[in-house]
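Colleague: coords below, sequence missing:
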């Protein structure tokens, strides 16, 4: 019995040494160290690994065996070579819909022919997968594997990137597999803002906006936050940013009052703020209905009113040009960016000129 166990151990060591993940050359490691990072939502995701090459070998089902299990014990692959692969998250995330706390994890893979199980181990400091034990598992997720164009060197990449999610993809030889990382931006931003001491007027404004993104938000709670934003901003030192935020907060309040049913007072406050709009106030407020709610009609009304009121205001034409850019009307884009360039102040002239010429070239092509 002891002889059988010793033979198994020797065989495991032989296979381990041959694994792509070994490269036991000390200072002359053949597999290059690599790091890839990506911001997903508000979360920084970093993967540190060593990248082996195929070198004419059969990889999966060869030097990385399928179903590598002895006496019921799994021997996962280190998802790279040399030291075990490490993946780190700066905030809490979800992996294929499963919650995972922020932190640093050893990444291992239990390889089967048609599916892989990505294992996130709380032990991020071991050498390879030799010290792997299931008791350190923080999370497991099983995914299907796909055929892919041949690739000599193992690599990780972030694919199918969206505002709050991305796929982490491993590609080597003619196989690739991936898992989805999701960052709950709304809840993470709210938690960070709520925990912040000595909040600024901008903090209260951002908190109100984030709370309003929730499906069943409390109008009263959001109104309270906007009132705090206004009160705090009014006590802050005068600056262009303060003035812009104060405009945004008050017009936010006006729209909220109208939504809450206090239409008369809300319209009065909104008209007062629009009459005193300055600089980029209308640029941001006018584009907001389109960008956040897809309300083309409201944005068009606000921005055309702005141009009609101030036909020689370069920001008015810039705003309407941006609107036409979003709704894909290149002829109107060029028309208004040209006027923005014509009326722009000296410090904005180069910027306006670039936008005008860039879109003019696009229109001609």
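Modeller: Nice, thanks for sending it over. The structure presented is a predicted model; accordingly, all values stated were derived computationally and were not measured.

Colleague: which parts of the helix or strand that residue 316 is a member of are buried?
Modeller: In this assignment (DSSP states H and E), residue 316 forms part of helix 314-326. Residues 314, 315, 316, 317, 318, 319, 320, 321, 322, 323, 324, 325 are the ones in helix 314-326 that count as buried (16 or more other Cβ atoms under 10 Å). C-beta coordinates here come from the backbone N, C-alpha and C atoms, glycine included.

Colleague: output these in CSV; the columns should cover distance to residue 346 and pLDDT.
Modeller: Shown next, in CSV, are the buried residues of helix 314-326 (distance: Cβ to Cβ, whole Å; pLDDT from 0 to 100):
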residue, distance to residue 346, pLDDT
314, 11, 96
315, 15, 96
316, 18, 95
317, 17, 96
318, 15, 96
319, 20, 96
320, 22, 96
321, 20, 96
322, 21, 95
323, 25, 95
324, 25, 96
325, 24, 95
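
Colleague: between those residues, which sits nearest residue 61?
Modeller: Among the buried residues of helix 314-326, residue 325 lies closest to residue 61 (Cβ to Cβ), at 51.2 Å.

Colleague: what is the neighbour count of the closest residue to the closest one other than its chain neighbours?
Modeller: Leaving aside its chain neighbours, residue 325 sits nearest to residue 333 (5.0 Å; criterion: Cβ to Cβ, 6 or more residues apart in numbering). Using other Cβ atoms under 10 Å, residue 333 has 25 neighbouring residues.

Colleague: do the same with residue 58
Modeller: There are 10 residues near residue 58, going by other Cβ under 10 Å.

Colleague: tell me the first helix or strand C-terminal of the least confident helix or strand in the chain by mean pLDDT.
Modeller: Between all helices and strands in the chain, the lowest mean by mean pLDDT, DSSP states H and E belongs to helix 2-18, at a mean of 45. As assigned by DSSP H and E, the chain's next helix or strand after helix 2-18 is strand 32-40.

Colleague: so in that sheet, which strands flank that next one, and in what orientation?
Modeller: The strands beside strand 32-40 in its sheet (DSSP bridges) come out as strand 43-51 (antiparallel).

Colleague: let me see the mean pLDDT of the helix or strand just after the strand it pairs with.
Modeller: Using DSSP H and E, the helix or strand that directly follows strand 43-51 along the chain is strand 69-70. What strand 69-70 shows for mean pLDDT is 90.

Colleague: give me the number of residues near the residue lying closest to residue 43 once chain neighbours are set aside?
Modeller: Once flanking residues are discounted, residue 43 sits nearest to residue 183: 4.0 Å by Cβ to Cβ, 6+ apart. Counted with other Cβ under 10 Å, residues neighbouring residue 183 total 24.

Colleague: check residue 237 too.
Modeller: Neighbours of residue 237 using other Cβ under 10 Å come to 5.

Colleague: which strand or helix spans it?
Modeller: For residue 237, there is no helix or strand it lies in under DSSP H and E.

Colleague: separation between it and residue 226?
Modeller: According to Cβ to Cβ, to the nearest Å, residue 237 and residue 226 sit 21 Å apart.

Colleague: hang on, the earlier thing: off-centre distance for the helix or strand harbouring the residue nearest to residue 325?
Modeller: Here residue 333, judged by DSSP H and E, is contained in helix 330-343. Relative to its chain's centre, helix 330-343 lies at 33 Å (Cα atoms, centre = their mean, to the nearest Å).

Colleague: equivalent analysis for stretch 65-74, please.
Modeller: Distance, centroid of stretch 65-74 to centroid of chain: 37 Å (Cα atoms, centre = their mean).

Colleague: how long is that stretch from one end to the other?
Modeller: 12 Å (Cα to Cα, to the nearest Å).

Colleague: give me the pLDDT for residue 24.
Modeller: Confidence score, pLDDT, at residue 24: 36.

Colleague: one more: residue 129?
Modeller: pLDDT at residue 129 comes out at 75.
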